[in-house]
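Colleague: This is a predicted model, with the sequence first.
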Amino acid sequence: SRSSSQADESIGVKLFSLVMVTSRRRVRPSATLKRPSSYSGAARRPTRVPPNWQSELKIIKRLRAQRDAPVDKIGCDRLANPKASRADYEWQCLVAAMLSSQTRDQATAEAMASLQTHGNKITVIAATPEAKLAKIISKVGFRNVKAKALRAAARLCRDQHG
């Protein structure tokens, strides 16, 4: 059994790894970080752990304890219709996740509301032209690319899973 400090350190290292993979800022702390063997992230250079990561983790935990960030209210799982069938709910979670990349949570929520009005189901999205999808999701960044990806995903799901 691992001690609490070892578990906190593991969580901190994983959190820092995630931040470093998604961050453009370069950090020059002292210790080199080992990646798990299952890691397949895009960053190839070794990341380093900042010397004060434990105090920063405590601050993050304190700030996140209230769960009052936009993602807590309008995150991907919150944007899907909970009354929809399981397949439709899972599709809507996937769509929200696809739309959320490089997009503010509020814009993703607006685009999802527009898609719900249009009919956010696999068969409907697969049959909708890309230009119309792009117009429906116009609030999100890279709308044309995402419209193409949504339609392709809908067709793939429809063809492979019915």
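Modeller: Perfect, I can see it now. The structure displayed is predicted, hence computed values, not measured ones.
Colleague: which non-adjacent residue is nearest the spatially most central residue of the chain?
Modeller: By CA atoms, centre = their mean, the mean C-alpha position of the chain lies nearest to Ala97, the distance being 5.3 Å. Computed as CB to CB, 6 or more residues apart in numbering, the closest residue to Ala97 that is not its neighbour in sequence is Cys76, at 4.7 Å. Every residue, glycine included, has its C-beta placed from N, CA and C.
Colleague: so how far is Lys139 from that neighbour?
Modeller: Look at Cys76 and Lys139: by CB to CB, to the nearest Å, they are 15 Å apart.
Colleague: where does the protein dip in pLDDT?
Modeller: 1-44 (pLDDT under 70).
Colleague: And the helices in it?
Modeller: In the chain, the helices defined using DSSP state H lie at 4-22, 53-64, 70-74, 76-79, 86-100, 105-118, 122-127, 130-136, 143-161.
Colleague: Nearest to Thr47 among these would be which one?
Modeller: Taking CB to CB, helix 4-22 is the member of the helices of the chain nearest to Thr47, at 4.3 Å.
Colleague: Mind putting the helices of the chain into TSV with distance to Arg45?
Modeller: Below are those laid out as TSV (distance: least, CB to CB, whole Å):
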stretch	distance to Arg45
helix 4-22	9
helix 53-64	18
helix 70-74	28
helix 76-79	30
helix 86-100	27
helix 105-118	30
helix 122-127	38
helix 130-136	36
helix 143-161	27
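Colleague: Those helices: which one's closest to Pro46?
Modeller: Nearest to Pro46, of those and by CB to CB, is helix 4-22 at 9.8 Å.
Colleague: one step back: who touches the residue nearest to Ala97 in this structure?
Modeller: 93, 96-97, 100, 108 (CB atoms under 8 Å, 6 or more residues apart in numbering).
Colleague: do Ile125 as well
Modeller: 95, 115, 119, 133, 150-151, 154.
Colleague: do you know how far it is from Phe142?
Modeller: Distance, Ile125 to Phe142, by CB to CB: 17 Å.
Colleague: With Thr103 instead?
Modeller: Distance of Thr103 to Phe142, given as CB to CB: 8 Å.
Colleague: dump the residue contacts of the closest residue to Ala131 other than its chain neighbours.
Modeller: Using CB to CB, 6+ apart and skipping residues adjacent in sequence, the residue nearest Ala131 is Ala147, 7.6 Å away. Ala147 makes contact with 130-131, 133-134, 137, according to CB under 8 Å, 6+ apart.
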